[in-house]
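In: What shape does this take:
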Amino acid sequence: MRIGELSTLAGVPTKTIRYYEEIGILPPAERAENGYRTYWPEDAGRLGFIKDAQATGLTLDEIAEILDLRERGESTCEHVIHMTRHHLADIDARIAALRKTRRGLVSLVERARTLDPAECTDTDRCQTIPQSGRGRARIHEAPSPRARHH
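Out: Numbering: from 1, shown residues only. The predicted structure is shown next:
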(Lines give C-alpha, C1' and ligand atoms only; values in the text may rest on other atoms or scores of the structure.)
Protein backbone atom coordinates (compact mmCIF):
# COMPACT_ATOMS: atom_id res chain seq x y z
CA MET A 1 0.00 0.00 0.00
CA ARG A 2 1.07 3.58 -0.54
CA ILE A 3 1.64 6.18 2.17
CA GLY A 4 -1.81 7.75 1.80
CA GLU A 5 -3.48 4.39 2.31
CA LEU A 6 -1.32 3.67 5.36
CA SER A 7 -2.12 7.10 6.72
CA THR A 8 -5.85 6.45 6.43
CA LEU A 9 -5.62 2.91 7.81
CA ALA A 10 -3.49 3.87 10.82
CA GLY A 11 -5.02 7.31 11.43
CA VAL A 12 -1.61 8.97 11.27
CA PRO A 13 -0.72 11.90 8.98
CA THR A 14 1.66 11.13 6.10
CA LYS A 15 4.09 13.71 7.47
CA THR A 16 4.22 11.78 10.74
CA ILE A 17 4.87 8.52 8.91
CA ARG A 18 7.81 10.10 7.08
CA TYR A 19 9.12 11.51 10.37
CA TYR A 20 8.88 8.13 12.10
CA GLU A 21 10.87 6.62 9.24
CA GLU A 22 13.43 9.40 9.55
CA ILE A 23 13.99 8.81 13.28
CA GLY A 24 13.96 5.03 12.87
CA ILE A 25 10.88 3.91 14.80
CA LEU A 26 9.24 2.88 11.55
CA PRO A 27 11.43 0.89 9.16
CA PRO A 28 12.17 2.64 5.87
CA ALA A 29 9.56 1.84 3.28
CA GLU A 30 10.42 -0.15 0.24
CA ARG A 31 10.29 1.83 -2.99
CA ALA A 32 8.28 0.84 -6.03
CA GLU A 33 9.77 1.29 -9.50
CA ASN A 34 8.05 4.68 -9.74
CA GLY A 35 9.75 5.78 -6.49
CA TYR A 36 6.62 5.67 -4.35
CA ARG A 37 6.92 4.29 -0.86
CA THR A 38 5.37 0.86 -0.39
CA TYR A 39 4.08 -0.26 3.01
CA TRP A 40 2.79 -3.50 4.48
CA PRO A 41 -0.10 -4.15 6.89
CA GLU A 42 2.49 -4.74 9.64
CA ASP A 43 3.47 -1.07 9.33
CA ALA A 44 -0.08 -0.08 10.28
CA GLY A 45 0.22 -2.34 13.32
CA ARG A 46 3.45 -0.68 14.36
CA LEU A 47 1.94 2.77 13.91
CA GLY A 48 -0.98 1.65 16.06
CA PHE A 49 1.42 0.55 18.79
CA ILE A 50 3.29 3.87 18.60
CA LYS A 51 0.03 5.82 18.97
CA ASP A 52 -1.10 3.63 21.88
CA ALA A 53 2.25 3.96 23.64
CA GLN A 54 2.21 7.74 23.20
CA ALA A 55 -1.30 7.82 24.68
CA THR A 56 0.13 6.28 27.87
CA GLY A 57 2.66 9.09 28.11
CA LEU A 58 5.70 7.36 26.66
CA THR A 59 8.07 9.46 24.57
CA LEU A 60 9.21 8.55 21.08
CA ASP A 61 12.66 7.74 22.50
CA GLU A 62 11.11 5.35 25.02
CA ILE A 63 8.97 3.78 22.31
CA ALA A 64 12.10 3.34 20.18
CA GLU A 65 13.76 1.51 23.11
CA ILE A 66 10.80 -0.85 23.38
CA LEU A 67 10.77 -1.52 19.64
CA ASP A 68 14.53 -2.10 19.67
CA LEU A 69 14.20 -4.65 22.47
CA ARG A 70 11.39 -6.42 20.58
CA GLU A 71 13.43 -6.51 17.37
CA ARG A 72 16.27 -8.17 19.29
CA GLY A 73 13.79 -10.76 20.58
CA GLU A 74 13.96 -9.55 24.17
CA SER A 75 11.08 -9.25 26.58
CA THR A 76 9.86 -5.71 27.11
CA CYS A 77 7.49 -6.13 30.04
CA GLU A 78 9.89 -5.22 32.87
CA HIS A 79 11.29 -2.34 30.85
CA VAL A 80 7.82 -0.95 30.18
CA ILE A 81 6.80 -1.39 33.83
CA HIS A 82 9.89 0.55 34.91
CA MET A 83 9.15 3.37 32.44
CA THR A 84 5.49 3.59 33.39
CA ARG A 85 6.35 3.69 37.11
CA HIS A 86 8.73 6.56 36.37
CA HIS A 87 6.01 8.42 34.45
CA LEU A 88 3.54 7.75 37.25
CA ALA A 89 5.95 9.25 39.80
CA ASP A 90 6.39 12.31 37.57
CA ILE A 91 2.63 12.74 37.28
CA ASP A 92 2.20 12.40 41.04
CA ALA A 93 4.85 15.11 41.57
CA ARG A 94 3.13 17.40 39.06
CA ILE A 95 -0.25 16.80 40.73
CA ALA A 96 1.27 17.71 44.10
CA ALA A 97 2.76 20.89 42.63
CA LEU A 98 -0.57 21.78 41.00
CA ARG A 99 -2.39 21.24 44.29
CA LYS A 100 0.06 23.59 46.00
CA THR A 101 -0.42 26.17 43.25
CA ARG A 102 -4.19 25.76 43.55
CA ARG A 103 -4.07 26.38 47.31
CA GLY A 104 -2.07 29.54 46.65
CA LEU A 105 -4.56 30.74 44.06
CA VAL A 106 -7.53 30.04 46.36
CA SER A 107 -5.78 32.08 49.04
CA LEU A 108 -5.16 34.87 46.52
CA VAL A 109 -8.83 34.95 45.50
CA GLU A 110 -9.87 35.11 49.15
CA ARG A 111 -7.37 37.93 49.73
CA ALA A 112 -8.64 39.82 46.67
CA ARG A 113 -12.19 39.77 48.02
CA THR A 114 -11.07 41.79 51.07
CA LEU A 115 -9.18 44.48 49.17
CA ASP A 116 -10.50 47.86 48.14
CA PRO A 117 -9.55 48.72 44.53
CA ALA A 118 -9.51 52.42 45.48
CA GLU A 119 -6.51 51.69 47.73
CA CYS A 120 -4.46 50.28 44.86
CA THR A 121 -2.16 53.22 44.19
CA ASP A 122 1.15 51.55 43.32
CA THR A 123 1.63 52.02 39.56
CA ASP A 124 4.02 49.03 39.34
CA ARG A 125 1.98 46.44 41.21
CA CYS A 126 -1.49 45.04 41.65
CA GLN A 127 -2.37 44.89 45.33
CA THR A 128 -4.05 41.52 44.83
CA ILE A 129 -0.65 39.89 44.42
CA PRO A 130 1.21 40.12 47.75
CA GLN A 131 4.79 41.34 47.67
CA SER A 132 7.28 38.70 48.74
CA GLY A 133 10.30 39.43 50.91
CA ARG A 134 12.60 38.44 48.06
CA GLY A 135 11.18 41.05 45.71
CA ARG A 136 11.53 43.84 48.24
CA ALA A 137 15.15 42.94 48.96
CA ARG A 138 16.08 43.05 45.30
CA ILE A 139 14.33 46.35 44.74
CA HIS A 140 16.20 47.98 47.61
CA GLU A 141 19.56 46.50 46.58
CA ALA A 142 19.43 47.54 42.94
CA PRO A 143 18.39 51.11 42.10
CA SER A 144 15.90 51.54 39.32
CA PRO A 145 17.32 52.63 35.95
CA ARG A 146 14.56 55.27 35.85
CA ALA A 147 15.72 56.67 39.20
CA ARG A 148 19.22 57.28 37.80
CA HIS A 149 17.91 59.31 34.86
CA HIS A 150 15.80 61.76 36.89
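
In: Please report the number of neighbouring residues for residue 121.
Out: 7 (other C-beta atoms under 10 Å). Any C-beta I mention is one placed from the backbone N, CA and C, and that applies to glycine too.

In: That one - that's part of a helix, no?
Out: No - counting by DSSP: H, G, I helix; E, B strand; the rest coil, residue 121 falls outside a helix, being coil.

In: Quick one: low-confidence residue ranges for the chain.
Out: Within the chain, the ranges that satisfy pLDDT under 70 run 133-150.

In: and the longest helix anywhere in the chain, what does it pack onto?
Out: In the chain, assigned by DSSP state H, the helix with the most residues is helix 77-114. Packing partners of helix 77-114 (3 or more C-beta pairs under 8 Å, 6 or more residues apart in numbering; DSSP states H and E): helix 60-71.

In: what domains does the record give for this structure?
Out: Per automatic domain parsing, the domain ranges recorded for the chain read 3-74, 94-149.

In: Verify the contact between residue 79 and residue 69 for me.
Out: Yes - using C-beta atoms under 8 Å, residue 79 is in contact with residue 69, at 6.2 Å.

In: Any buried residues in whichever strand or helix holds residue 7, and which?
Out: Using DSSP states H and E, residue 7 sits in helix 3-10. Using 16 or more other C-beta atoms under 10 Å as the test for burial, helix 3-10 gives 3, 6, 7, 9, 10.
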